[in-house]
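In: Pasting the sequence and the predicted model now:
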Amino acid sequence: MRSLIRRPATTGPHDPAPSRLGYRYQRLLLTPGFRAATRIGVPILLIAAIAGSHFSKAENRAALVAQIESTKQRFQERPQFMVKAMTITGADQSTMTAVIALLPTDYPVSSFDLDLEHTRRTIEALDPVKSASVRVGAAGTLEVRLTPRVPSALWRDGATLRLIDETGVVSGVVTSRSERLDLPLIAGDGAEQHIEEALALYAGAGPLSTRVRGLVRMGERRWDIVLDRDQRILLPGDGAVAALDRVIALNAAQDMLERDVAVVDMRNAKRPTLRMNEEAVAALRRVNETVSTNGANN
Amino acid sequence: MGDVYDNQRAMRQMRKAAMQRGVVAILDVGTSKIACLVLRFDGPEQFRNVDGVGSMAGQSQFRVIGAATTRSRGVRFGEIEAMQETERAIRTVVQAAQKMAKVRVDHVIASLSGARPRSYGLDGALDVSGGMVTEQDISQVMANCDVPDYGANREVLHAQPVNFALDHRSGLADPRGQIGHKLTTDMHMLTVDSTALQNLFYCIKRCDLELAGLASSAYVSGMSSLVEDEQELGAACIDLGGGSTGISVFMKKHMIYADSVRMGGDHVTSDISMGLQIPTATAERIKTFYGGVVATGMDDREMIETGGDTGDWEHDRRTVSRAELIGIMRPRVEEILEEVRARLDAAGFEHLPSQQIVLTGGGSQIPGLDGLASKILGQQVRLGRPLRVQGLPQAAIGPAFSSAVGLSLFAANPQDEWWDFEIPADRYPARSFKRAVKWFKDNW
């Protein structure tokens, strides 16, 4: 009798054996290396492929760059990072003008846009500035603290008078000598490279210092001290200070420089030489003649 | 025998490689089911640097991480009969076990239950002439064993040194380093049909697996279901399988005899099927649910519906009493046990100091079997279950899995076999340096 209800054909028990190919595939999937490769390698490849196809178009690349830029901008322009003002301390008017020209002009500006190190180096490159510290302080202020260069001498360079410090760095210009009477005047070729020696001489001038008009570098080798009344002290290249001390001693003993002496030549230490003015020479000769004729007459 | 020797050595190398990889599969090819266990060797015992067997007899070395069984196809009497079918079954079970283990296995250790095993006791002697016994001497004395002509188409499956004797001191487990004159050994050799082995080889190779070891299932189920003192004092393990019943006799922790009766649970099923005129599948179900070997008065009243699908009401509504079922099963079980008895008698089992008999395998679950077996086999009969190993699923701890569990013990620490020792010098290739050294030693 045939059953009325249709049942699935039951020809023996179900045989669940995998096919050879399926078996191999399963084994491949269970291989640890292959598992790792599929778990990590395939997603990476997929992501790389998608990203590559997306960014192969120029406009997508540009859009990404723009997106990054705008995000960066938004972050950098948060109020916390904005610099609203600046303060400069430790500078006179002219230096301040020069420094302001190096700083950003329009505020507020993001502190990410400021290159403080570069700014500091450019400010320090200014002549009147010895050192500077630049930082963004509290409340968004750009603080510039300057240490000005202290000039220690006036250097006559051609027609201009320059302020110069002991390391030979020019820090400014003055229009006339009378502006800085406190500084010694230095002139001559190569004078700016030996400021320290000149300052030592100036300091050693002692009683003569009121009379010193300036120091002149001669032949880029030695110094002349120019006194008022056009007197000159010619100093040697070596041992200039000692020679100057000798001159001061002579002056103290015999009032040498009060006399009508034009040049005290100390270049040869063994043979200090005086040169008198023409009139003095003439007067001396006259006196000598008179003395001799008088003697002859007597 | 040379070919087998090299094959077995190669399999030992493969086992070593598998151990290094840490994952090895166990394949018990039986007549009614094929079981596969995937073992991971990373237990705390794995890196123990003490010699000898570790705690828990070495089973804490490994963990079962995958287990699967499938209905066996194409296997009769424990021998592969339809290669394609068996290959498919092996594929199924290996794939399922792999899936559970979540790791791929490449090395497999297999056991086979049939293939007409035959045991031989061999002895060999070597004159060591007052010197110290070296490893080379041991391999030489085993090579000196006079091997009987075990026939063509047979292969050696196991060859284990059971005993060493030096002069008059016998029962040495390890004679290395001892001084004496004459070293003798007793070896137990088990040969099986080479065709069955080759079929198994071929099936496993077709599944892209490497064979890392082979064992007789009678031997490995004895290893798992006999407790230590039984193995020491002498016991027989009867593995009542589906198509064959394995017998292994243990003494001093060595297998000294193995055999198999080509009858098993499947014959009981076919008897039921024929006697009650029901399909094999139904017969199998009835056997497992209601089977037994001792009938009581209650069993006359317990009616079992045999069912049917013919559409004939009379035929489909037949019932059979449990006593009838037992009446069919009992003669066959008795026949099996009597055959076992005959094999044990032939092996001289009655001379052992202890004659414990342990019944295991799927067939041992028949209720009342121990009572029947004690009538036939002797008083000391017990039902054996395999050792507990770590990670084995609940479904696989029954006696039907004793050979699978034993095979995993065998994989973890196999007993020394002949091929595990150093190669005897005369087996080296003709131009070997060692051979030259040996010649000088012997002649000067």
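Out: Nice, thanks for sending it over.
In: Show me chain A divided up by domain.
Out: Domain segmentation of chain A under automatic domain parsing yields A:79-148, A:185-283.
In: of all the ones you listed, which lies closest to chain B?
Out: domain A:79-148 (51.5 Å; Cβ to the nearest Cβ). All C-beta spots, glycine's among them, are computed from the backbone N, C-alpha and C.
In: thinking again about what came up before, format the domains of chain A as JSON lines; extra columns: distance to residue B:151 and mean pLDDT.
Out: Listed next are these as JSON lines, based on distance: least, Cβ to Cβ, whole Å; pLDDT from 0 to 100:
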{"stretch": "domain A:79-148", "distance to residue B:151": "93", "mean pLDDT": "81"}
{"stretch": "domain A:185-283", "distance to residue B:151": "116", "mean pLDDT": "81"}
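In: Can I get those domains in a markdown table including distance to chain B and mean neighbour count?
Out: Converted to a markdown table, those look like this (distance: least, Cβ to the nearest Cβ, whole Å; neighbours: other Cβ atoms under 10 Å in any protein chain shown):
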| stretch | distance to chain B | mean neighbour count |
| --- | --- | --- |
| domain A:79-148 | 51 | 15 |
| domain A:185-283 | 79 | 16 |
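In: Residue A:164 is nearest to which of the ones you listed?
Out: Each of these was scored for nearness to residue A:164 using Cβ to Cβ, and the closest is domain A:185-283 (5.9 Å).
In: Now do the same for residue B:239: its pLDDT.
Out: For residue B:239, the pLDDT comes out at 93.
In: which element follows the one helix or strand residue A:134 maps to toward the C-terminus?
Out: Using DSSP states H and E, residue A:134 maps to strand A:129-136. Remark: after strand A:129-136, the chain's next helix or strand is strand A:141-148, criterion DSSP H and E.
In: just checking, what packs against the lengthiest helix in chain B?
Out: Ranked by residue count, the top helix of chain B under DSSP state H comes out as helix B:322-347. Where contact means 3 or more Cβ pairs under 8 Å, 6 or more residues apart in numbering or on different chains; DSSP states H and E, helix B:322-347 is packed against strand B:235-240, strand B:245-251, strand B:254-261, helix B:265-276, helix B:280-290, helix B:297-301, strand B:303-305, helix B:369-377.
In: in it, what counts as buried?
Out: Neighbour counts over helix B:322-347 (16 or more other Cβ atoms under 10 Å in any protein chain shown) mark B:322-326, B:328-330, B:332-334, B:336-337, B:339-341, B:343-344, B:347 as buried.
In: on that earlier part again, can you say which of the domains of chain A is nearest to residue B:39?
Out: Proximity to residue B:39, assessed across these by Cβ to Cβ, is greatest for domain A:79-148 (62.1 Å).
In: Does anything pack onto the strand holding residue A:134? Which helices or strands?
Out: Counting by 3+ Cβ pairs under 8 Å, 6+ apart, strand A:129-136 packs on helix A:93-102, helix A:116-124, strand A:141-148.
In: for the stretch 1-150 of chain B, what are the low-confidence residue spans?
Out: B:1-3, B:43-60 (pLDDT under 70).
In: Which positions in it make contact with chain A?
Out: Applying Cβ under 8 Å from any Cβ of the partner chain, one finds that the stretch 1-150 of chain B approaches chain A through B:70-71, B:73, B:88-89, B:91-92, B:94-95, B:98-99, B:102-104.
In: From the residues you listed, list just the buried residues.
Out: Burial by neighbour count, 16+ other Cβ under 10 Å: within those this picks out B:70, B:73, B:88, B:89, B:91, B:92, B:94, B:95, B:98, B:103, B:104.
In: For residue B:230, give its distance to residue B:354.
Out: Residue B:230 sits 7 Å away from residue B:354, going by Cβ to Cβ, to the nearest Å.
In: what's the offset of stretch B:159-176 from the middle of its chain?
Out: A distance of 24 Å separates the C-alpha centroid of stretch B:159-176 from that of its chain, computed with Cα atoms, centre = their mean, to the nearest Å.
In: what comes up buried for it?
Out: In stretch B:159-176, counting by 16+ other Cβ under 10 Å, buried: B:159, B:160, B:161, B:162, B:163, B:164, B:165, B:166, B:172, B:175.
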